[in-house]
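# sequence first, then the predicted structure:
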Amino acid sequence: MSRHKYKRLKHQITSVPSRWYFCLSFAITILLGWVGVAAAQDSNTNNFTNLSTIWLLVSSFLVFFMNAGFAMLEAGLCRRRNATNVLAKNLIVFCISALAFWLIGFGLMFGDGITYSCVPGENTSLSLVGQKGLFFNLPFPQFGNLGFPESGFNCLNQDWSNHSFASLFLFQLVFAGTAATIVSGAVAERVKFWAFLLFSFFLVGFIYPVTGHWVWGHYGWLAKALKFHDFAGSTVVHSVGGMAALVGAWLLKPRQGRFGYNLRTDRYEGLETEKFSADNLGLATLGCLILWLGWFGFNGGSAKDLDYVANTITTTMMAAAAGGISSVFFSPIILGKPSLASIINGILGGLVGITASAAFVDIRSAFIIGSISGIFVLLGEYFIQVWKIDDPVGSIPVHLFCGFWGTIALGIFSSNSSLLYSELDVYDNPLLQVLCQFLGWLIIIIVTALLSLVGWLLVSLILYYASQINERISGKQRHRKQLRQTQYFQLGEFILTIFEIARRGIRVSLEEEISGSDGVFYNP
């Protein structure tokens, strides 16, 4: 463009009559004024409903983005040769979680019962699981309603008034996906791709919604009978995911060479034969920061009252910071020299710890909860090493141990000054509330452990015998170590044989583990 044409164009732009600016400004002013008047006329209904729905959607986006954080964290803390299969499982797990929660999980967790009414005062029965809403359809919202189905979720509509049905489903869906992602870190580098996929479906479709219904369901028996509470999921999400991860890691046994474990002989022989260190701490740190950001949606979106969102996010921030600092101070006492991985898990532990009570405590209590969470992470890392449980990314200490502490902390630090807490059915005696928090956590953990063991065993046996049939059909039967000669009336020997078959069903072969494969994806 010539200099003359440039000056001409500049003159045309800068010489636009000022009346056009005035007209545009006036139009914007009128539009904003009209919106303000309309909102003021209906400030207690549509305006509040729209804001609540929008915030719940934004929170859902933040929690969904936590999947990127988990992927970065796990890929960074695992060995490079496993990067591809670790990332593949983190990507596909949300796909399978979405299907499982839509088909089965959401109805089991929040669906109405067949025999009880959701009208206050008409029914006081307790429920074990939702009985309606399986494989539901998503209605289009019409004027005057929030898109709830005609039947199946009347109790949910009552509990989450002023929120659209679609936004509630999306928010709870990303929560369910988080529970499944927790497991992937603890079983990384040695679990088969299809085994992880099938167990994730079972976890999100059955285990998580059933135990979650006991706490968050309208007539959930733990919340009603035991007065057990969990604001955003220290138990419902994190402890359940951590327990399922522990069962999987225990059944799989350590990676080849970890704690001196020899997969060929199924024994612990001497010292570690390989250095099991993080491959990319920069990637892991980025994952931690993404998770930290996502937690603002995790806890903030759980606040039904918009007035409490800012307080909830602030206590979440403080607990995370305190957990990171605490891990630095106490690591020399418990584990020795501090490591970046411990700081990362200390921050995440603080986030897990505050999740149960983020809207019920003040900032000072949040600091204490986060600080103690950092210690729980370090203690968890120490104990799983003593027990020779191989957890490459520290999922079990962060989610199971800190989930326990966060659940107990709700009874210790929650304040009646919080309107959200005062509306709950709780005991006046804090010690009694702490006891009920412990009992509720213990019940959920025991049930989760049993159901997880059943789930892992079923998946294992299915895959093991499917592989045997496939090898016979293809004529590629390889030489295998003979299983123990079992007499079925000897229960102990029979159980050992089942577990040995189960481990073979979900664990990759030694050759695949050495090459960094999960049986489907290989490191390029």
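Nice, thanks for sending it over. Residues are numbered from 1 along each chain as shown.
# need the mean per-residue confidence for the longest helix along the chain.
Criterion DSSP state H: the longest helix present in the chain is helix 430-474. Averaging pLDDT along helix 430-474 gives 91.
# ditto for stretch 261-270
Average pLDDT, stretch 261-270: 88.
# would you confirm that Leu156 contacts Ser167?
No. In this structure, Leu156 is not within contact of Ser167 by C-beta atoms under 8 Å, at 11.8 Å. All C-beta spots, glycine's among them, are computed from the backbone N, C-alpha and C.
# which one's more surrounded, these two?
Leu156 (27 against 22; other C-beta atoms under 10 Å).
# that one is in what secondary structure piece?
With elements taken from DSSP states H and E, the one containing Leu156 is helix 154-159.
# what's next to that helix, contact-wise?
Helix 154-159 is contacted from outside by Phe110, Gly111, Asp112, Cys118, Pro120, Leu146, Phe148, Phe165, Leu168, Gly217, His218, Tyr219, using C-beta atoms under 8 Å, 6 or more residues apart in numbering.
# the fourth one against Asp112, yeah?
Same thing as Cys118. Yes. Between Cys118 and Asp112 there is a contact under C-beta under 8 Å: 6.3 Å.
# what's the helix or strand for Gly406?
helix 402-413.
# packing partners for that helix?
The elements that helix 402-413 packs onto, with contact taken as 3 or more C-beta pairs under 8 Å, 6 or more residues apart in numbering; DSSP states H and E, are helix 340-354, helix 363-386, helix 430-474.
# what mean pLDDT does the helix or strand harbouring Asn50 get?
Using DSSP H and E, Asn50 falls within helix 46-77. Here helix 46-77 scores 91 as its mean pLDDT.
# show me what the helix or strand just after it is packed against.
Sequence order places helix 83-100 as the next helix or strand after helix 46-77, per DSSP H and E. For helix 83-100, the packing partners by 3+ C-beta pairs under 8 Å, 6+ apart come out as helix 46-77, helix 165-186, helix 193-202.
# quick one: helix 83-100 to chain centroid distance?
In this view, helix 83-100 has its centroid 13 Å away from the chain centroid, taken as C-alpha atoms, centre = their mean, to the nearest Å.
# and whichever helix or strand comes after that helix, what's its mean pLDDT?
From helix 83-100 onward toward the C-terminus, using DSSP H and E, the following helix or strand is helix 106-110. Throughout helix 106-110, pLDDT has a mean value of 95.
# same question, stretch 205-221
Mean predicted confidence for stretch 205-221 is 95.
# measure the nearest residue to Phe401 once chain neighbours are set aside to Ile104 for me?
Nearest non-adjacent residue to Phe401, counting by C-beta to C-beta, 6 or more residues apart in numbering: Gly380, 3.7 Å away. The gap separating Gly380 from Ile104 is 31 Å, by C-beta to C-beta, to the nearest Å.
# and what of Val174?
From Val174 to Ile104 the distance is 17 Å (C-beta to C-beta).
# Val58 too?
Look at Val58 and Ile104: by C-beta to C-beta, they are 27 Å apart.
# what's the answer for Ile369, then?
Ile369 is 34 Å from Ile104, by C-beta to C-beta.
# more neighbours: those two, which one.
Using other C-beta under 10 Å as the criterion, Ile369 and Ile104 rank with Ile369 on top: 30 against 19.
# what residue lies at the spatial centre of the protein?
Thr178 (2.6 Å; C-alpha atoms, centre = their mean).
# pretty sure it contacts Val240?
No. In this structure, Thr178 is not within contact of Val240 by C-beta under 8 Å, at 10.4 Å.
# separation between Val204 and Ser331?
The value you get for Val204 to Ser331, if C-beta to C-beta is used, is 34 Å.
# higher neighbour count, these two?
Val204 (30 against 21).
# centre of the chain to stretch 383-399, how far?
That offset, for stretch 383-399, works out to 17 Å (C-alpha atoms, centre = their mean).
# need the CA coordinates for it. CSV is fine.
Provided in CSV are the C-alpha atoms of stretch 383-399 (Å, rounded to 0.1, in the frame of the first residue of the first chain):
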residue,chain,number,x,y,z
PHE,A,383,3.5,-46.5,54.4
ILE,A,384,2.9,-47.6,50.9
GLN,A,385,6.6,-48.1,50.4
VAL,A,386,6.7,-50.2,53.6
TRP,A,387,3.8,-52.2,52.3
LYS,A,388,5.5,-52.5,48.9
ILE,A,389,2.5,-51.0,47.1
ASP,A,390,3.8,-49.5,43.8
ASP,A,391,2.1,-46.2,43.1
PRO,A,392,4.1,-44.3,40.4
VAL,A,393,2.4,-40.9,40.9
GLY,A,394,1.2,-41.0,44.5
SER,A,395,-2.5,-41.3,43.9
ILE,A,396,-3.1,-43.4,47.0
PRO,A,397,-1.5,-41.1,49.5
VAL,A,398,-3.1,-38.0,48.0
HIS,A,399,-6.6,-39.2,47.5
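# ok, now which ones touch Val520?
Each residue near Val520 by C-beta under 8 Å, 6+ apart is listed here: Asn85, Ala88, Lys192, Phe193, Trp194.
# please tell me I have it right and the first one contacts Val191.
No. Judged on C-beta under 8 Å, Asn85 makes no contact with Val191 at a distance of 9.1 Å.
# shared neighbours of these two, which are they?
Asp518.
# and Ala75, how many neighbours does it have?
So Ala75, with other C-beta under 10 Å, has 25 neighbours.
# residue contacts, it?
Remark: with contacts taken as C-beta under 8 Å, 6+ apart, Ala75 is in contact with Ala83, Val86, Leu87, Asn90, Asp279, Asn280, Leu283, Gly287.
# type out the ChimeraX command that picks the buried ones from those.
To isolate the buried subset of those in ChimeraX, counting by 16 or more other C-beta atoms under 10 Å, use the following:
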select :83,86,87,90,280,283,287
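# could the contacts of Ala75 be laid out in CSV, adding pLDDT?
Formatted as CSV, these follow (pLDDT from 0 to 100):
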residue, pLDDT
Ala83, 93
Val86, 95
Leu87, 95
Asn90, 95
Asp279, 87
Asn280, 93
Leu283, 95
Gly287, 97
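# of the contacts of Ala75, which is the nearest to Ile389?
Among the contacts of Ala75, Val86 lies closest to Ile389 (C-beta to C-beta), at 18.6 Å.
# who has more neighbours out of Cys118 and Asp112?
Asp112 (24 against 17).
# need phi/psi at His507.
Careful, residue 507 is Arg; it's not His. phi -100, psi 140 (degrees, to the nearest 10).
# ah, wrong one, I meant Ala356
The phi/psi pair for Ala356 (degrees, to the nearest 10) reads phi -70, psi -20.
# test my guess that Arg80 contacts Asp279.
Yes. If you go by C-beta under 8 Å, Arg80 and Asp279 touch, sitting 4.3 Å apart.
# need the overlap of contacts for those two.
With C-beta under 8 Å, 6+ apart, Arg80 and Asp279 have no common neighbours.
# and the lowest mean pLDDT element among the helices and strands of the protein?
Least confident element among the helices and strands of the chain, by mean pLDDT, DSSP states H and E: helix 18-41 (a mean of 43).
# go through stretch 209-226 and flag the buried ones.
In stretch 209-226, counting by 16+ other C-beta under 10 Å, buried: 209-224, 226.
# and it, end to end?
19 Å (C-alpha to C-alpha, to the nearest Å).
# run the chain-centre distance for it.
So, by C-alpha atoms, centre = their mean, the centroid of stretch 209-226 is 18 Å from its chain's centroid.
# next one: stretch 131-141
So, by C-alpha atoms, centre = their mean, the centroid of stretch 131-141 is 23 Å from its chain's centroid.
# this completes my enquiry, with thanks.
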